[in-house]
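Visitor: based on what follows, work out the 3D shape:
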Amino acid sequence: MSPEQKVFTRLRRLCVNLFGADSVYDYLPPADVSYPFVFIGEQFAQTYREHKDGRNKDTQITIHVWHNDYRKRGELSSMIHQIEDAIVKEFGVNGENYSSQIIVDNTTSVPLMHGIIEPNIKI
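Guide: All right, here's what the predicted structure looks like:
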C-alpha cells in the first residue's frame, strides 16, 4: 500500500470511529443519503528532499462535511472540530497545518452547509 493510501485509510478509519460507517464515504453518495455525512475526497502529495533518498512527502486530503439543515450549524461545526482534533492526535498535525471553512452550497434543490477541512500531513 502506498504511503498516501495509508494516510487516507487511517483518516477514513478516524471518521468512521467518530460518526459510524453509515455516515462516512470515500465517494460522493447518492442524493437520498441521510445528513449530515462526511466525504473524504481529493488527495494531493508533494515530494520534498529532507534525506538523501528524497522520498519525504506532504499530503493533503480534503474532507467534506455536508448538512442540509441550517438550524443545525452547530452540529456541522462540532463535527469539523472533532475531525480536526482526531487529525491532530493521529498525525501530529499542528494547528497552522490545516484549514477549515463552512460555506453555503446552492448546487442542489435544497441549500446545504458544506464544511471543508484541509490538513497538511507529513508522510
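
Visitor: just list the residues touching residue 14, thanks.
Guide: 83, 86-87, 90 (Cβ atoms under 8 Å, 6 or more residues apart in numbering). All C-beta atoms are positioned from the backbone trio N, CA, C, and that covers glycine.

Visitor: oops, could you answer that again for residue 113 instead?
Guide: Applying Cβ under 8 Å, 6+ apart to residue 113 gives the contacts 66-70, 73, 76, 102-105.

Visitor: top of the contacts of residue 14 by neighbour count?
Guide: Counting neighbours by other Cβ atoms under 10 Å, the top entry in the contacts of residue 14 is residue 83, with 24 neighbours.

Visitor: quick check: the farthest pair among the contacts of residue 113?
Guide: Using Cβ to Cβ, these span at most 15.6 Å, a distance reached by 69 and 103.

Visitor: who has more neighbours out of these two?
Guide: More neighbours surround residue 69 than the other of residue 69 and residue 103, with 13 against 10 (other Cβ under 10 Å).
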